[in-house]
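> Have a look at this prediction, sequence included:
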Amino acid sequence: MSKTIVKVENAGMTFDTKKGKFVALRDIDLTIAEGEFVTLIGHSGCGKSTLLNLIAGLTLPTSGNLICDGREIAGPGPERAVVFQNHSLLPWLTCFENVLLAVERVFGKKEGKTKLKARAEAALDMVHMTHALHKYPHEISGGMKQRVGIARAFAMEPKILLMDEPFGALDALTRASLQDEL
């Protein structure tokens, strides 16, 4: 039996709105084992992204518990990487620097600069973006930005990879190639 990597227990998320409380999630229970692929399917607004944000630690639940790798999720952590629907790149950094920043945060205390740079370059190579290493996000297309975001997530070597429609902006050939890499 595989090790449990994520456990969601009785999780709920309620938002305060101008019209009062809005219950986005209620009584969610989910267990994800190491090496398992899980897909959330549902109509727009049903809470898929909210649940991903909770597991990522970007928001905290209003009820219930979320555990990753045996520890309560109390905020973002390097064991959980997120690829959003939008690319979420820092506009003042190049493609390479966007990936390197994440790599430095995860591996910077254990590895030297040469190894860190090699990790970032390898991740960008995997998504076929080495030609744009020194370009800024405003200089590349939306699909290319998405590939840089995917490279950043892969380069972190997380225990869990959370993806919110990451391949939507990509052409069919690139999508197929990245799905194979995943």
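Alright, I've got the coordinates.

> which residues in this structure form strands?
Assigned by DSSP state E, the chain shows strands spanning 4-17, 20-33, 63-68, 71-72, 80-83, 160-163.

> Can I get those in a markdown table including mean neighbour count and distance to residue 179?
For every residue, glycine as well, the C-beta is placed using N, CA and C. Shown next, in a markdown table, are the strands of the chain (neighbours: other C-beta atoms under 10 Å; distance: least, C-beta to C-beta, whole Å):
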| stretch | mean neighbour count | distance to residue 179 |
| --- | --- | --- |
| strand 4-17 | 16 | 21 |
| strand 20-33 | 13 | 19 |
| strand 63-68 | 17 | 24 |
| strand 71-72 | 10 | 30 |
| strand 80-83 | 23 | 12 |
| strand 160-163 | 18 | 11 |
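
> wait, which of these is closest to residue 57?
Among those, strand 80-83 comes nearest to residue 57, with 6.6 Å by C-beta to C-beta.

> Show me where the protein has its helices.
Using DSSP state H, the helices found in the chain span residues 48-56, 95-107, 113-126, 142-155, 172-181.

> and the third one, average pLDDT?
Spelled out, it's helix 113-126. Average pLDDT, helix 113-126: 95.

> Show residues contacting stretch 63-76.
Stretch 63-76 is contacted by residues 5-12, 14, 27-28, 54-58, 60, 77, 79-80, 159-160 when judged by C-beta atoms under 8 Å, 6 or more residues apart in numbering.

> run the last query once more with 6 Å
Under the criterion C-beta atoms under 6 Å, 6 or more residues apart in numbering, residues 6-12, 54, 57, 79, 159 lie in contact with stretch 63-76.

> Out of those residues, which two sit at the greatest distance?
Maximum pairwise distance among the contacts of stretch 63-76 (C-beta to C-beta): 24.6 Å, between 12 and 159.

> neighbours around the nearest residue to residue 99 once chain neighbours are set aside, how many?
Excluding the flanking residues, the one nearest residue 99 by C-beta to C-beta, 6 or more residues apart in numbering is residue 120, at 4.2 Å. The burial count assigned to residue 120 is 23, neighbours taken as other C-beta atoms under 10 Å.

> Spit out the contact partners of residue 120.
Residue 120 is in contact with 96, 99-100, 103, 155, counting by C-beta under 6 Å, 6+ apart.
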